[in-house]
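> test case, fold it:
(chains A, B and C)
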Amino acid sequence: MPELPEVETTRRGLQPHLLGARIVDVDVRQPQLRWPVPADLAAHLRGQQVLALRRRSKYLLIDVAAGSALVHLGMSGSLRLDAVNDPRRTHDHLQLSLDSGLLLRYNDPRRFGSWLWQPAGQSHPLLANLGPEPFADEFDGARMWRLSRGRRAAVKVFLMDAATVVGVGNIYASEALFRAGIDPRRAAGRISQARYCRLAEVVREVLAEAINQGGTTLRDFLRPEGVPGYFAQSLRVYDRHGQACRQCGEPIRRVVLGQRASYYCPTCQR
DNA sequence: CATCGGACCTGTTAGC
DNA sequence: TGCTAACAGGTCCGAT
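Residues are numbered from 1 along each chain as shown, chains lettered A, B, ... in the order given. Purely as a prediction, here's the structure:
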């Protein structure tokens, strides 16, 4: 479900409620997530004050003095703020009770997400080899061009590789390639530096617009306050198989690349 | 190295 | 209407 805009939207929604709050209790009801929830996670968090809520790639980091809870939402995860008396729902696997009386609940039907512990001053192995953030200076067309030389994989697969840039998942990869006018099937190594510069630009553009709209709600993404994101109405190709291209009217096509559905306009993208 | 397929799960939808 | 298969916003890991 969540790509960078949805995770960032979640972070922004939670921040005012979490910052400075004390975690009075931690309840792990289902520790079997993508990786088992560490047995000592609750002990690390209980009684601690939240010092910051950060995002790196699609991970949320809940900082306390001794380290951070690393939260990944996987495909179907979400975080929700509840009042103490709100009943638990199906697939609520973990909750933090805050001294404000609010509950931070983690819900994840498919359990592809994770809650891990990262001691202060250390970088968790899962974060160690990530590429640059899309809004960092380090991410630009020259970097993509350099990294892609000799690569025969489809440019969409290359764009979704976290070593290229983090945060660009299946929706925004299709959307960015449409905006850049690049055919997603094209070999990454056969694209010019100029086109990669344009691609870097539109990656930032589409992510920024999506964040401003509160993310994309296709089926079930809800912000922590319980409201959907509105970027779905701005999607130009994703999930629009057979529908007219908003730019030229040609039917949008669907093709599978790297085992993921990909959408593109055969005339606008070359 | 780069690339590919499988794995982890449950829920919803498309198609017969 | 009902059953089944395909598919879903992620991404790691091992085999080739």
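
> mind listing what residue A:19 touches?
A:50-53 (Cβ atoms under 8 Å, 6 or more residues apart in numbering). Yep, even glycine has a C-beta here, placed from its N, CA and C like the rest.

> the same query, at a cut-off of 7 Å, please.
A:50, A:53 (Cβ atoms under 7 Å, 6 or more residues apart in numbering).

> just residue A:204 next, same as before
Residue A:204 sits next to A:134-135 when contact means Cβ under 7 Å, 6+ apart.

> quick one, helices of the stretch 51-200 of chain A?
For the stretch 51-200 of chain A, applying DSSP state H, counting those that start in this stretch gives helices covering A:125-128, A:141-148, A:155-160, A:170-180, A:193-212.

> now do the fourth one: everything it contacts.
In this case it means helix A:170-180. Against helix A:170-180 from outside (Cβ under 7 Å, 6+ apart): A:3, A:155-156, A:159-160, A:168, A:184, A:195, A:198-199, A:202-203, A:205-207, A:210, A:216, A:235-238, A:260, A:262-265, A:268-269.

> look up how far residue A:4 lies from residue A:170.
With distances taken as Cβ to Cβ, to the nearest Å, residue A:170 is found 12 Å from residue A:4.

> so for these two, which residue has more residues nearby?
residue A:4 (24 against 19; other Cβ atoms under 10 Å).

> where does pLDDT dip in chain A?
A:1 (pLDDT under 70).

> redo that, cut-off 80
A:1, A:220 (pLDDT under 80).

> tell me the contacts of residue A:103?
With Cβ under 7 Å, 6+ apart, residue A:103 has these contacts: A:82, A:84, A:95, A:97.

> also residue A:255?
A:185, A:262.

> element containing it?
strand A:253-257 (DSSP states H and E).

> and stretch A:233-253, which residues are buried?
Within stretch A:233-253, the residues that qualify as buried are A:235-240, A:245, A:252-253, counting by 16 or more other Cβ atoms under 10 Å.

> swap in stretch A:142-153?
Result for stretch A:142-153 [16+ other Cβ under 10 Å]: buried residues A:143-145, A:147-148, A:151.

> circling back to that earlier point, can you redo the contacts of residue A:103 as TSV with distance to residue A:11?
Shown next, in TSV, are the contacts of residue A:103 (distance: Cβ to Cβ, whole Å):
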residue	distance to residue A:11
A:82	18
A:84	23
A:95	18
A:97	20
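
> from those, which is closest to residue A:72?
Proximity of the contacts of residue A:103 to residue A:72 was ranked by Cβ to Cβ; the top entry is residue A:95 with 16.9 Å.

> so what's that closest one bridging to?
residue A:27, residue A:105 (DSSP bridges).

> that one and residue A:105 touch, don't they?
Yes - counting by Cβ atoms under 7 Å, residue A:95 does reach residue A:105; the two are 4.7 Å apart.

> and stretch A:220-231, does that touch DNA strand C?
Yes - counting by Cβ under 7 Å from any atom of the strand, DNA strand C is contacted by stretch A:220-231 at A:220-221, A:229.

> what's in contact with that stretch?
A:1-2, A:5-6, A:9-10, A:13-14, A:78-81, A:209-210, A:213-217.

> could I get the contacting residues of residue A:197?
residue A:141.
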